[in-house]
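> Give me coordinates for this.
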Amino acid sequence: MGTAFHWVERGFKEAFVMLWMTWWPLVFGFTISGFVQSFFPRNGLRSSLGTTSIRSLTRASLLGMISSSCSYAASGMSRALFSKGSTWTNSLVFMVASTNLVIELGIVIVALLGVSFLIAQLVGGVIMIALLAFETRWFFSPARERALLDHVQDEQPTTAVTVAVPWRERLRTPSNYVSAARYSVADLRMLRRELVAGFIVAGFLAVDVSASWWSKIFVTGHGSWTIAENIVVAPILAMLSCVCSVGNIPLAAAFWSQGISFGGVVAFIFADLITLPLLFIYVRLYGRANAWRLFLLLWSVMSLAGLFVQLLFAGVHEIPSHRLLQLHQGDITLGWTLWLNIVATMVMVLLYVASRQKVASTHFATDPICGMQVDTSAPAATIVRDGTTYYFCSPRCASKFQEGTTNFASGASTIGHDTRFAVDPICGMDVEITADAVFSGEGDKKAYFCCTGCRDSYEANLTAQ
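As a prediction, the model looks like this:
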């Protein structure tokens, strides 16, 4: 009994130490990401992805970099881009960039693995994009891509056309600063399960799994054979771990401390797009045969990128020799880490308070299913119901909305069931339907609002239409 308790204690203690080390980088990264998403419009980038070229690949990459790092939202947005005119290659490049070339991911990598891995992540991300441009045609012929497009367009929910707002104009709009806070809080809330699972699993792997056990999965000490085996097996382990996005960085740190090759760790980080839950989503979005091809394509690209990074860094003698063994000490460092975490906590509180402000904005809305904030100039999907436009982060959320069986993100409203609440069509907040509620319209077209500002924006949009 005492041994089991000690085993559990060590695992959770190491998980907490990892979280302690990365709390301020996480908050800092999500804060920057929120402001980038709020102030940089995406519609202009989306409008030129209909052909595969160096320029369009660059635009797809930039679009991914300023989008959410959530793998689930990235897969939905990728499908939406493809259904709206993007080439299949560009939509996949977007998906890879939005999970591997985002700010918060890089900051956590530096905190847990060091600068060398950050450079490897960036270099490897560019290599993956180049490999996708080259390999996609092998797995998806033009005829198969056309059939895939027909399948996607047949299932695409009704969408509305919106106009992008230049970023300079957004800087002059006070409500966009509130929207930046909402992006930061929504992204952190959306990824909280991934992060918690990643830290807990990594904590137990780092201190409670012996090196001899890992040697049964990953070959070590055999030169080229070690590199080849590690880069092939690491993505499969990522697939089975079911932890994606930022949450797999603590796992990568644990694997690195256990002796896995540099390229193998990099391939593991890249493999957040082939976890089992995402593979099931691919089956639902594209069909079983296409999902199988997509898995093989992504697996090959991730493994090859890990191999190229390994060879490149070995050639310039930049593979780190230090395995970050301090992760096994279980000590909570104070000093600057303590003060930075205090500041980060204060920033997080300010962001949360700001995100709850009732500020009207026609540029952003909240996905009523998952709670993610959506840029209305570039939504993954929209649905117009009873004269009200609802915006979604992915077709998956739009489908749930159409089915009318899923609770809204706040838990207060349920489509077609709980008639006590309505969703503000401008800011996405839940509004209790009372005699004093702010509303517009009559009968089936009546819409409720959190404040008169949202109502005025709504009526101005109706007048403009």
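
> which ones are touching Gln310?
Gln310 makes contacts with Ile227, Ile231, Ser261, Phe262, Gly263, Gly264, Val266, Ile319, as judged by Cβ atoms under 8 Å, 6 or more residues apart in numbering. Using the backbone N, CA and C atoms, a C-beta is placed for each residue, glycine as well.

> Which helix or strand contains it?
According to DSSP states H and E, Gln310 maps onto helix 288-315.

> buried stuff in stretch 86-103?
If you call a residue buried by 16 or more other Cβ atoms under 10 Å, then stretch 86-103 has these buried ones: 86-103.

> And for stretch 270-289?
Within stretch 270-289, the residues that qualify as buried are 270-275, 278-279, 281-283, 285-286, counting by 16+ other Cβ under 10 Å.

> so Tyr390, which of the three states?
For Tyr390, the assignment made with DSSP: H, G, I helix; E, B strand; the rest coil gives strand.

> Show me what it is bridged to.
Each beta-bridge partner of Tyr390 is listed here: Ile383, as defined by DSSP bridges.

> I'd assumed Gln402 was in contact with it.
No: using Cβ atoms under 8 Å, Tyr390 is not in contact with Gln402, being 10.0 Å away.

> Which of these two has more residues huddled nearby?
Neighbour comparison, Tyr390 and Gln402: the larger count goes to Tyr390, with 26 against 16 (by other Cβ atoms under 10 Å).

> what pLDDT does the more buried one get?
In this prediction, Tyr390 carries a pLDDT score of 80.

> ok, it - contacts?
Taking Cβ under 8 Å, 6+ apart as the definition of contact, the neighbours of Tyr390 are Ala365, Pro368, Thr382, Ile383, Val384, Phe401, Val423, Pro425.

> Count the residues that sit near the fifth one.
By the other Cβ under 10 Å criterion, the neighbourhood of Val384 contains 13 residues.

> Next: the last one.
One way to gauge burial is a neighbour count; for Pro425, by other Cβ under 10 Å, it gives 25.

> Correct me if wrong: it contacts Ser440.
No: applying Cβ under 8 Å, one finds Pro425 not in contact with Ser440, separated by 9.5 Å.

> Which residues are in contact with each of the two?
For the pair Pro425 and Ser440, residues contacting each of them under the criterion Cβ under 8 Å, 6+ apart are Ala447, Phe449, Tyr458.

> What score does Tyr458 have for pLDDT?
Per-residue confidence (pLDDT) for Tyr458: 72.

> In which helix or strand does it reside?
With elements delineated by DSSP H and E, Tyr458 resides in helix 452-464, which encompasses its position.

> Repeat that for Ile32.
Here Ile32, judged by DSSP H and E, is contained in helix 2-39.

> That helix: which residues count as buried?
By 16+ other Cβ under 10 Å, the buried positions in helix 2-39 come out as 10-11, 14-15, 17-39.

> Next, the buried residues of the strand or helix carrying Trp225.
With secondary structure defined by DSSP H and E, Trp225 is part of helix 224-241. Burial within helix 224-241, assessed by neighbour count using 16+ other Cβ under 10 Å, is assigned to 226-239, 241.

> May I have that helix as PDB, with CA atoms only?
Included here for helix 224-241 are C-alpha records, laid out as PDB according to Å, rounded to 0.1, in the frame of the first residue of the first chain:
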ATOM      1  CA  SER A 224      21.100   4.800 -37.600                       C
ATOM      2  CA  TRP A 225      18.700   2.000 -36.700                       C
ATOM      3  CA  THR A 226      17.800   3.900 -33.500                       C
ATOM      4  CA  ILE A 227      17.000   7.000 -35.400                       C
ATOM      5  CA  ALA A 228      14.900   5.200 -38.000                       C
ATOM      6  CA  GLU A 229      13.000   3.200 -35.400                       C
ATOM      7  CA  ASN A 230      12.300   6.200 -33.100                       C
ATOM      8  CA  ILE A 231      10.900   8.500 -35.800                       C
ATOM      9  CA  VAL A 232       8.500   5.700 -37.000                       C
ATOM     10  CA  VAL A 233       7.400   4.600 -33.600                       C
ATOM     11  CA  ALA A 234       7.100   8.000 -31.900                       C
ATOM     12  CA  PRO A 235       4.000   9.200 -33.900                       C
ATOM     13  CA  ILE A 236       2.300   5.900 -33.200                       C
ATOM     14  CA  LEU A 237       2.900   6.500 -29.500                       C
ATOM     15  CA  ALA A 238       1.500  10.000 -29.900                       C
ATOM     16  CA  MET A 239      -1.600   8.500 -31.600                       C
ATOM     17  CA  LEU A 240      -2.200   6.100 -28.700                       C
ATOM     18  CA  SER A 241      -1.600   8.800 -26.000                       C
END
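
> Now the element after it, going C-ward?
Going down the chain from helix 224-241, the next helix or strand is helix 248-257, by DSSP H and E.

> That next one versus helix 2-39: what angle between them?
130 degrees (axes from the mean of the first three to the mean of the last three Cα atoms, to 10 degrees).

> Run through the neighbouring helices and strands of helix 248-257.
With contacts defined as 3 or more Cβ pairs under 8 Å, 6 or more residues apart in numbering; DSSP states H and E, helix 248-257 has these neighbours: helix 2-39, helix 103-112, helix 192-208, helix 224-241, helix 262-270.

> how does the chain divide into domains?
Following automatic domain parsing, one gets these domains for the chain: 2-349, 364-464.

> Mind telling me which of the ones you listed the model trusts least?
When these are compared on mean pLDDT, domain 364-464 scores lowest, with a mean of 64.

> Reformat the helices and strands packed on helix 248-257 as TSV; add distance to Thr345.
As requested, the helices and strands packed on helix 248-257 are exported to TSV (distance: least, Cβ to Cβ, whole Å):
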stretch	distance to Thr345
helix 2-39	8
helix 103-112	16
helix 192-208	15
helix 224-241	29
helix 262-270	27
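
> re the thing from before, just curious, which of the contacts of Gln310 is nearest to Arg356?
Nearest to Arg356 among those is Val266, at 39.1 Å by Cβ to Cβ.

> hang on, the closest one packs against Leu304?
No: Val266 is not in contact with Leu304 according to Cβ under 8 Å; the separation is 11.1 Å.

> quick one on the thing from earlier: may I ask which two of the contacts of Gln310 are separated the most?
Taking Cβ to Cβ as the measure, those span a maximum distance of 13.8 Å, between Ile231 and Ile319.

> Could you report the distance from Pro368 to Thr173?
Distance, Pro368 to Thr173, using Cβ to Cβ, to the nearest Å: 23 Å.

> quick one: which of those two has more around it?
For Pro368 versus Thr173, the count of surrounding residues by other Cβ under 10 Å is larger for Pro368: 27 against 17.

> doesn't the more buried one fall inside a helix?
No: Pro368: not assigned to a helix; according to three-state DSSP it is coil.

> List the beta-bridge partners for the residue nearest to Gly441 when sequence neighbours are not counted.
Of all residues not flanking Gly441 in the chain, Ala447 sits nearest, at 5.7 Å (Cβ to Cβ, 6 or more residues apart in numbering). Beta-bridge partners recorded for Ala447 (DSSP bridges): Ser440.
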